[in-house]
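Enquirer: Have a look at this fold, sequence not included:
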């Protein structure tokens, strides 16, 4: 993925992928922000003007397809429940405390705290 930064072009996705064009045109037309015109302009700008650093547009078609599959599962409660349970069972141990502590240590060089708030807080 890192080596694709040099040749990745978000405009290609706008020009060749109907999902990308529709999504970006809806953002530009303020469809999602009718009472706050332009609030999503920085998102549009980040995607097209500033090069879509995280290559969101490259993943949009696969995301939409997966969302469609997930949406259809909602009409099948037994299948949905089974998949949800298996997903949780296979997710392994997750701790937001651990994740935040790692982020603080790695990215911010912040020492951990006890996590307890003083009575004055």
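Expert: Perfect, I can see it now. Here the structure is a predicted model, which is why all the values come from computation and not from measurement.
Enquirer: Neighbours of residue 11, how many?
Expert: Neighbour count of residue 11, defined by other Cβ atoms under 10 Å: 14. The C-beta positions use only the backbone N, C-alpha and C, and glycine is treated the same way.
Enquirer: The residue most central in space within the chain: what's it in contact with?
Expert: Central residue of the chain (Cα atoms, centre = their mean): residue 56, 8.1 Å from the mean position. Taking Cβ atoms under 8 Å, 6 or more residues apart in numbering, we find residue 56 in contact with residue 47.
Enquirer: State the pLDDT value of it.
Expert: You'll see residue 56 listed with a pLDDT of 93.
Enquirer: ok now the longest helix seen in the chain, how far from the chain's centre?
Expert: Longest helix of the chain, by residue count under DSSP state H: helix 56-73. Mean C-alpha position of helix 56-73 versus that of the full chain (Cα atoms, centre = their mean, to the nearest Å) differs by 12 Å.
Enquirer: what does stretch 90-100 give?
Expert: With Cα atoms, centre = their mean, you get 18 Å for stretch 90-100.
Enquirer: Straight-line length of that stretch, end to end?
Expert: 22 Å (Cα to Cα, to the nearest Å).
Enquirer: So, low pLDDT: which residues of the chain?
Expert: Where the chain drops to pLDDT under 70, the residues are 1-6, 108-121.
Enquirer: Domain map for the chain?
Expert: According to automatic domain parsing, the chain comprises the domains 1-73, 76-111.
Enquirer: most packed of those?
Expert: Burial of the domains of the chain is given as mean neighbour count (mean count of other Cβ atoms under 10 Å); domain 1-73 ranks first at a mean of 13.
Enquirer: show me where the chain has strands.
Expert: Shown for the chain, no strands are assigned by DSSP state E.
Enquirer: Contacts for stretch 34-50 next, please.
Expert: 10-11, 14, 24, 27-28, 30, 32-33, 52-53, 56-57.
Enquirer: repeat that with 6 Å
Expert: 10, 27, 28, 30, 32, 33 (Cβ atoms under 6 Å, 6 or more residues apart in numbering).
Enquirer: Can you convert the residues you listed into TSV and add a column each for distance to residue 93?
Expert: Listed next are the contacts of stretch 34-50 as TSV, based on distance: Cβ to Cβ, whole Å:
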residue	distance to residue 93
10	37
27	38
28	43
30	43
32	37
33	39
